[in-house]
Every structure is written in structure tokens, then in C-alpha cells.
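>>> one predicted model, sequence on top.
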Amino acid sequence: MNRDGIFNFLSSIIVIIAGLLIGFIILLISDAGQAIPAFMTILTFGATSMRNVGDVLLLATPIILTGLSVAFAFRTGLFNIGASGQFTFGAFVAIYISIEFTFLPPPVRILTSILAAAVVGALWGAIPGMLKAYRNVHEVISCIMTNYVAMFFVNFMIISFIFDQGRGTSQALPSDSNLPSAGLGYIFREPFGAAYRSSHVNIGIIIAILIAILVYIILEKTTFGYELKACGFNKSAAKYAGINENRNIITSMMFCGALAGIGGALNYMNGTGLSMSIIDSLATEGFTGISVAFLGLNHPIGIIFSGILVSYLYLGGARMQVFGFSIELVEIVISVIIYFCAFVFLVKSFLGKTLRGQGKKESSKEGGEA
Amino acid sequence: MYIIEMRNITKEFPGIIANDDITLQLKRNEIHALLGENGAGKSTLMSVLFGLYKPEKGRIFKNDEEVNITGPGDANLLGIGMVHQHFKLVHNFTVLENIVLGVETTKSGILQMKEAREKVLALSKRYGFDIDIDKEVRHISVGMQQRVEILKMLYRDNEILIFDEPTAVLTPQEIEALMKTMKNMAAEGKSILFITHKLDEIMQVADRCSVLRKGRMIGTVDVASTSKEELSEMMVGRKVALSLDKEEARVGETILKVRNLCQQGTKYGSGKNKLKDISFDVKAGEILCIAGIEGNGQTDLVYALTGLEGIDSGEIFMEGNSITKAKIRQRTESGIAHIPEDRHKHGLVLNYSLAYNTILQTYYTSAFQKNGFLRRPTIMEHAKNLINRFDIRSGQGEETITRSMSGGNQQKIILAREIDRDPKLLIAVQPTRGLDVGAIEYIHKQLLAQRDSGKAVLLISLELEEVMNVSDRILVMYEGEIVADVDPKQVTFQELGLYMSGAKRDEVVVV
Ligand SMILES: Nc1ncnc2c1ncn2[C@@H]1O[C@H](COP(=O)(O)OP(=O)(O)OP(=O)(O)O)[C@@H](O)[C@H]1O
Ligand SMILES: [Mg+2]
């Protein structure tokens, strides 16, 4: 690894440790006696059985996709905090097709659900894209608004079309609409006990990893990526080069929307019986995606790992309830740890400044005065 | 005793030794010039002194006492100030706010600007800076911004002043004023380190001059006992022709035809037209130069021709075809190459590698792309070829991140890219800004070679010397109009000056 790579890796580790420390302090304040075992649970629970490892991968699937969505936008000079709304829309459409299009054979139906989620996410992402390109509306503002519109509109659509009176949520998916486990269930299961209880981890994680690789290839190897990154780094130079910036903003936002939309589909088609609730809060996967993206330093391959790491901490964190911590407190601790990850760039630049020049050679990205 | 002595400084970057065992001695009250080719290591050496880089080896002394400078803060405490080539000002702060930024006086947390204001006004008066300290920085000219940077150093009572290529971005008039200011400051007891590529400036103000070449100190000379020729030979290691021999132009067909171009001033401007009824032709085989004082519409004209900005009325033709409404890419494809005025803004994606910057307008052509995938080996090969042909120097060859390259070598990337595209019309805006004499000679020869191979060249320059040396025909712009169409062999410097300042004008008729 070169010096830059080491800096990147170090800074990601540092923010996680810092987040964990603060989480630990909160635990200490609320119940000093149980703080240590609870904290150990965060650190270890995800690895205590193969089934848990499988659950980590299961939980990582949607946030890898929203992370990719945020990172892709970032690399092209945009801040996509609309991943939440795109995710919600994608999820709804996937669920709708899974429930209503039972005339399609299962494999076709599953594929249609995922693709439709991508298309709808892309269309939803296009709105802030177009507002920015043609009306110069900052994408952060329009993304916030589209997030709320998506949330309320999807609530309305669920109630109108696929409502389950009894549960007060969207109807359950027919079991043949879930993503196939593709044998992963045999690997990730409890080793003992009559039931051999398996994790619900499924082909979704493989799809997520393949998409991450695809995003990497697009960004690094194609002319499309070359154009998009040029716009992200230096708009004026992109204009000088004859690159159509407006078109790029829109396609970039559409691509991000598609990624988040697929994340929504994979999240609800995972076979755990998860259904969409009628709630007045935005889908958190979109925001966790920001942390995942930053922690992975906006690099598609880094995001696979940061997504898994965040989900690992999440799973262990949720388990703290067995030590008598209230669910609210658990949420606070998890959020502190996860959102701390967004400080990674601050740490990186700090590392760059303090360690600079102490080693033999400079980071070649600094400086550049004529 | 030296006020500053840098002893045996060595500073390495990946793949390159930017400073190799350099010793530099600055006397009290002197103006000490630092001369060297692009990439010789001048900026690096000054950044070491200012605490931005930590050298691998070497020591720094102030008044014979060793000092340890770990950052600009330390430098400031030692009375060292620096004006960077690219200014570091906050654009929506006023001049005054920028000056006090970082050393504000406060009383129970509240800013005390009154004393600061008095001190700044006194300083500005002492040096004859005609500057409105309540204006926001984004509304003042580059020359004024530089004065803000100078006032920043003076306000902090710095006594050792570093100027990194301060004149590269100034108009000749502003340079004149800066030279005077530097002399005044030296007379008042300041010691000055001054980086420049312009030998005339060194001869005019410097007491001594140190020359760097490829990271090494070649020597320090008294300016009074040297000549421009000697300095340039020390710097490049060979004799440099300071004037250009060229043959008569063999003028061919009209390549670019511009008719009645008009453009209104922007909302924020004075409301005057930026371009008033501009008409001219550029023919194959000639170098047409547009001269003028900065801000008389040259930039707007170039933006209009290259499509970076629209026009209100008028027409533009390339080889007889109208490109008035064409997009930037269509214009590029019609054979226009453009060396832009601001290389960091338009010319380069600084975070891209050298190689990626050489395909900025051609990445989508079949030469560099197949089925939407970049052809990396070809791109690298192409970049290597340009590096050799144009002598572009950098730490890691075609893979070097452009941001880490020296200013002059960044400029060479653009030049290489634009000439290599084999254009029909080359629009070069201040192409030699920030380049060393060797590179300038090289670029001028390239422009001539383009001309002689039947290309049309449109050169926009603020430097009269360059205008007179290189061009075959000169148009002078004044307040958005073309006020003269003259032959460089028949016009004098004085006459050009009169046209440029608006004191004289001809009726220029184009049919
Ligand atoms: N931060 C950096 N990282 C890597 N290489 C660098 C960095 N800064 C400078 N260099 C390299 O060090 C060498 C010296 O650069 P420097 O900027 O000091 O040159 P210079 O003499 O100021 O040139 P110019 O006249 O073109 O401004 C160059 O080859 C440059 O590519
Ligand atoms: Mg320099």
C-alpha cells in the first residue's frame, strides 16, 4: 500500500474507534455496571456465529447500495442526500410488483421487481438532477424535499393498494417473491441445535458486491466515468473540454437514484418478512449510506467493506438490549458510532497535515503552487 | 551576518529531488531574486522557508541563530511573510477583514476593527496603494488583490517578504507599480526574496540573484555586474536566443472570420458593452496578435470565439462555415484549439494525472476509447510521447497528478495537448505566462512552426515585447473595440502604448 492508502485506512480506523469510545461513554453514563458487557457485545456479536455473520451481510446489502449511491454522486461533484427517497420509492415498486404480478414466474418477477425499482429510483433521482441542471437549485435542498414527498406519497400508495389491515403495514410478500438464498443459508447458520437455524442472507449481497464492482469499472475505466469525474473535479475545465455538464448532472443523479432504488428492493425482498410501515420518518438507509460512503472514502470497493463494518456494529449494537438498555438508548449509541464515520475526511486531512514530511516522502496530492 | 540563511536544504518528492543541498543567503535590506527553469525547485524552497514543507535535510538560520519552522505560524512569528502565486484570500470578505484575518484584536470576544483600520490605512498610504479597504475582495482586480496580500504581510510587521512569481498575473502597469513598492519596502528595512522568470524585472530591482537548475544551486551573482544573457545561460545551461528570428509569413486562405460581434456587459459590470462591433479575419500562415491593457474585452472575445460564453449579435465563421451557434465541442472539432488564460480554471483537471489531461477534448474519439472504455495503454503511450516531445518535467511521468507539478510544466501540458490536436486555428491566450526564458523561446518557436505549417494563430498577449516579437499583424483592443490594425514592423512601442491607452485610434474597416 502506498502512503496515501495507509492514510486512508488509518483515518477510517480512527473514526470508528472515536465513535466507539463516545458510544462507550454514553453507555457508562446510563448504566455503568452493564456498560462493559454491552460494549463487548457491540464489538463481538456479529462474529459469534456463522448465522450472525450471515445477518451482518444481510443488513449490509441495502446500505452498500445507498453508500454507492452517495459516493457516486460525490465523485461527480454532487451531494445526493436524496438516497432515502429513492430507496423508499424503489422499495415500494418492488413490493408492489412482488405482490401484484403473481402471474409472472418467480425468477422473472424478482428480476422485474429489481429492475423496476432501479427505474423508479432513477426517475426520482432525475428530479433534483434536472432542477440543478436547468434551474440551478442546489441538489441538497431539492433532495430534502423529494425525500419527504417520496415518504408521504409511498405511505399513501401503500394504504391505497397493498395495505394489510391487520398488521398496519404493507402486505407480506409471497414467499416465492423473495430473493433466492443461493446456498448461502447452508453456510451461514447456527452450527448446533435441531433447527440449524439459518441466516436469511441471500443473493442480494452478491448483487450488491457485483454492482460495487460495476460502479468501480464505470468510474475508473469508461469515458462516461472520465466525463463525470471531470465535472466533479473542475466544472469549468469540463465545460472547456466540451462536456455537457447539464446532461452529466442528470445522468449522474439518475444513476445514483437507480442504485438506491435497487437497495430498497433488495432490502424488502430478503425473506425476513420485513414490510413497509406507515411512518412519518425518512428511511434511515439513505443517511446511513452517507456514513458508509465516507467511511469507504467514496471508493466503490472500500464501500463493500465499510457497509459490512457498519452493519456489523449495527447488529451488535441492537443486541445490547439484552443488557437492559432501552431501545432508544441503543439507537443513540448506534447512531453516534455510525454518524461519527462521516468525519473520516476531517481526520484524513488532519493526519495529512501532522504526519506530513515526517516520513521520507510527501503525499503527491498536496501543494501544486506554480 | 545574514538575516536568513538556508543551509544545505534537501527536499524530495516521489520520483524527484526538488531541492538538492541548496544553500541560500539573504542579506538584510536586499532584494534577492530567485531564478530558475520551470520545475527547478524555487517554489519548493520558498515553501520550506515558509514552513509549508519540512525538508529531509538542512538547517535554517535567522541572524545566525538556528530556527525551527514547522508551519506558517512559526514563519510569521519570525517575521517571514509570503505572497503565493495563487492568492489565498477569502472572496466574500472585505479587504480589511482579509488583512486582519488570523490576527484580529478582540475585546471580550468582540472584534476591535478601529485600530486595525487605522493601521491598514496608514500602511496603504505609506506605500501609495490606492485601495478601498471596505470593498469585497471578489470585486477588486487581480493587481489589487495582490496589494491586499502585501498589506497582510506588512500588517503583521513581517520583515522578510517572499514573493512567488508576483508579476505573472499582473499587467505591465501593475508590474511597474509593484517594482516601485518593492524598492520602497527594501528602503524601509525589509528584506525581499523575489521569484520571477522575467529577466528585465531582475535587472530593474534586484541586488543579487540566485540561480537554481534541476534542484541544484548554480550560484549567486551581483545583478549590477551581470547581464540578461549571462543569467539565462546560468539558468538553462546553454545560450538562449532572447529575440526571435523569423521568416516572412506566407499568408493563405481566411480561416477565422469574425463579423460585427457584440456583447453587452454583465449585470455586475459597468453596463458598458464588453464587445462592440468586432470584425476581423485570421488567415492561414499568419500570427495575428490582439494587444491591449487587461480588461478591455480580450477575455470576452476569446470566450465568444471558443463558445465558453454566448454573444448577443454578430457572426463567426471557420473556413466559411458559420459556427456562431455551435457548441464548444463542435467548435473544437471544427479545428479550433485554445490555450486558455487561466490554466487552473479551464485548462486542467488538477486532480487528474498528466496523461488524463492530455486527452481532455479527445477522450471520446476512437483513438482513446473503444465501446465506451478508455484505452489506457494507448493513452499512456500518447502521454509519454508528448512528455518527450515537449520536455514536460514531473516526478512520476505520465502518472503524475497534475496538481503536484510546477506551474510552468502544467502550462506545457496544455500547449502539448492543443498543438498535438493539429488544429487549423490556435487561440493562445498569454501562452507564456509563468514560463522560464527557455520555455518561452520554445513556445514562441512552436507558434512560429504552427504558422509556417499553414495554421492560423490568434495570440492574445499583454506583453508588448511578445506582441512585437512574435506577431505578423497586431490588432489593438480598447474598451471592447478594435482601435488599430497595424504591422509590427512599422509601429513603435510608443505608438502601441497610445493605442492601448485610448489616446489614439484608427478607423478599422473590414470587408
Ligand atoms: N507537492 C508536491 N508533490 C510532488 N511533487 C512536487 C510537489 N511540489 C512540487 N513538486 C515537484 O518538485 C519539482 C519542483 O517544483 P517547484 O514547484 O518548486 O518548481 P518551480 O521552480 O517553482 O517551477 P515553476 O517556475 O514552474 O513554478 C517539480 O518537478 C514538481 O513536479
Ligand atoms: Mg513555482
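Arrived safely. Quick caveat, the model's predicted, so the values are computed rather than measured. Ligands and ions are numbered 1, 2, ... in the order given.
>>> only C-alpha atoms for contact and neighbour calcs from this point on.
OK.
>>> residue 49: neighbour count?
By default, I'm working from chain A. Here the number of neighbours of A:S49 (other Cα atoms under 10 Å in any protein chain shown) works out to 15.
>>> was after chain B, sorry
Residue crowding around B:L49 was assessed by other Cα under 10 Å; the count is 28.
>>> mind pulling up the pLDDT for it?
Looking at B:L49, its pLDDT is 95.
>>> got it, and A:S30?
A:S30 is given a pLDDT of 87.
>>> against A:N80, how distant is it?
Separation of A:S30 from A:N80 (Cα to Cα, to the nearest Å): 35 Å.
>>> who has more neighbours, the two?
A:N80 (30 against 13).
>>> relative to B:I379, how far out is the more buried one?
Taking Cα to Cα, one finds A:N80 at 32 Å from B:I379.
>>> can you tell me, leaving aside adjacent residues, what's nearest to the residue in the stretch 51-200 of chain B that ligand 1 sits nearest to?
Closest to ligand 1 within the stretch 51-200 of chain B is B:H197: 7.2 Å, counting by Cα to the nearest ligand atom. Among residues not flanking B:H197 along the chain, B:D436 sits closest, at 5.1 Å (Cα to Cα, 6 or more residues apart in numbering or on different chains).
>>> how about that neighbour, what does it touch?
B:36-38, B:197-198, B:408 (Cα atoms under 8 Å, 6 or more residues apart in numbering or on different chains).
>>> farthest-separated two in these?
B:K198 and B:G408 (13.3 Å; Cα to Cα).
>>> settle it for me: which of the two has more neighbours?
B:G408 (21 against 17).
>>> over to that one: give its phi and psi.
phi -70, psi -40 (degrees, to the nearest 10).
>>> mind checking how far it is from ligand 2?
Using Cα to the ion, to the nearest Å, one obtains 7 Å as the distance from B:G408 to ligand 2.
>>> right, and that residue touches B:L435 too?
Yes. Counting by Cα atoms under 8 Å, B:L435 is a contact partner of B:G408 at 5.0 Å.
>>> for the stretch 101-250 of chain A, which residue gets nearest to ligand 1?
A:F233 (18.1 Å).
>>> so that residue makes contact with A:G77?
Yes. Between A:F233 and A:G77 there is a contact at 6.7 Å, judged by Cα under 8 Å.
>>> for the stretch 151-300 of chain A, which residues are neighbours of chain B?
A:221-224, A:230, A:233-234, A:236-243 (Cα under 8 Å from any Cα of the partner chain).
>>> top of those residues by neighbour count?
Going by other Cα under 10 Å, A:A230 tops those with 29 neighbours.
>>> assign it to helix, strand or coil.
At A:A230, secondary structure determined by DSSP: H, G, I helix; E, B strand; the rest coil is helix.
>>> I'd say it and A:A238 touch.
Yes. Counting by Cα under 8 Å, A:A238 is a contact partner of A:A230 at 5.7 Å.
>>> what comes up buried for stretch B:176-187?
B:178-183, B:185-186 (16 or more other Cα atoms under 10 Å in any protein chain shown).
>>> ok, of these, which one's closest to B:V103?
Nearest to B:V103 among the buried residues of stretch B:176-187, with distances taken as Cα to Cα, is B:M185, at 21.8 Å.
>>> wait, what's in contact with that closest one?
B:S191.
>>> starting at the chain centroid, how far to the helix or strand where it lies?
Taking DSSP states H and E as the criterion, B:M185 maps to helix B:172-187. Between the centre of helix B:172-187 and the centre of its chain there are 18 Å (Cα atoms, centre = their mean, to the nearest Å).
>>> same check, this time on stretch B:343-362
17 Å.
>>> if you drop the residues flanking it in sequence, what lies closest to the residue of the stretch 201-350 of chain B at minimum distance from ligand 1?
In the stretch 201-350 of chain B, the residue that lies nearest ligand 1 is B:G215 (7.1 Å; Cα to the nearest ligand atom). Nearest-residue entry for B:G215: B:N19, 4.4 Å, with adjacent residues in sequence omitted and distances by Cα to Cα, 6+ apart.
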